[in-house]
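Q: Sequence first, predicted model second:
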Amino acid sequence: METILIVISKEELEALIKKTLIEILITNSVSKAEDKPDEFLNFQEAVEYLKISKPTFAKIRSNFPSYKPSENRVLFKKSDLEAYMESCKMKN
């Protein structure tokens, strides 16, 4: 097996990572089981959907994945939020 070394700048690497993440988000946004798009929510929409305060959401947001399609935007999958809330119900 031959080793290949590719040199790219930090900016090129960041652009490549962003492009790849966006492609992954688009590809994964279609639920294979139900064949319908998975809804993405921003921070405020997630707070409203869960009916909790912003500080509470900030505390629990590390319990489920977030997606960062751009530098200033963080999104959450509605299905991830639902799964988290379901797991909380099962604990109680």
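A: Good, I have the coordinates.
Q: drop to CA atoms for contacts and neighbour counts, all remaining ones
A: Noted.
Q: partner residues bridging the most centrally placed residue in the chain?
A: Closest residue to the average C-alpha location of the chain: residue 67 at 2.6 Å, with CA atoms, centre = their mean. Beta-bridge pairing of residue 67 under DSSP bridges involves residue 75.
Q: From residue 55, how far out is it?
A: Using CA to CA, to the nearest Å, we find residue 67 at a distance of 19 Å from residue 55.
Q: Check residue 48 too.
A: From residue 48 to residue 55 the distance is 12 Å (CA to CA).
Q: out of the two, which sits in the more crowded spot?
A: residue 48 (14 against 9; other CA atoms under 10 Å).
Q: quick one: average pLDDT of the longest helix seen in the chain?
A: Looking across the chain with DSSP state H, the single longest helix is helix 10-28. The pLDDT scores in helix 10-28 average 79.
Q: right, and the helix or strand after it?
A: strand 40-41 (DSSP states H and E).
Q: For that next one, which strands pair with it and how are they oriented?
A: Partners of strand 40-41, by DSSP bridges, with direction: strand 73-77 (antiparallel).
Q: next one: the partner strand to chain centre, how far?
A: Distance of strand 73-77 from the chain centroid (CA atoms, centre = their mean, to the nearest Å) equals 5 Å.
Q: So which residues make contact with that strand?
A: 38, 39, 40, 41, 42, 43, 46, 65, 66, 67, 68, 69 (CA atoms under 8 Å, 6 or more residues apart in numbering).
Q: how about a cut-off of 10 Å?
A: Outside strand 73-77, the residues within contact range by CA atoms under 10 Å, 6 or more residues apart in numbering are 25, 29, 38-46, 61, 64-69, 83.
Q: quick one: low-confidence ranges for the chain?
A: Applying pLDDT under 70 to the chain flags residues 25-37, 92.
Q: Now with 50, please.
A: 30-33, 35 (pLDDT under 50).
Q: So residue 56 belongs to a strand, correct?
A: No - applying DSSP: H, G, I helix; E, B strand; the rest coil, one finds residue 56 to be helix, outside a strand.
Q: ok, now how distant is it from residue 68?
A: 20 Å.
Q: who's more crowded, those two?
A: More neighbours surround residue 68 than the other of residue 56 and residue 68, with 14 against 10 (other CA under 10 Å).
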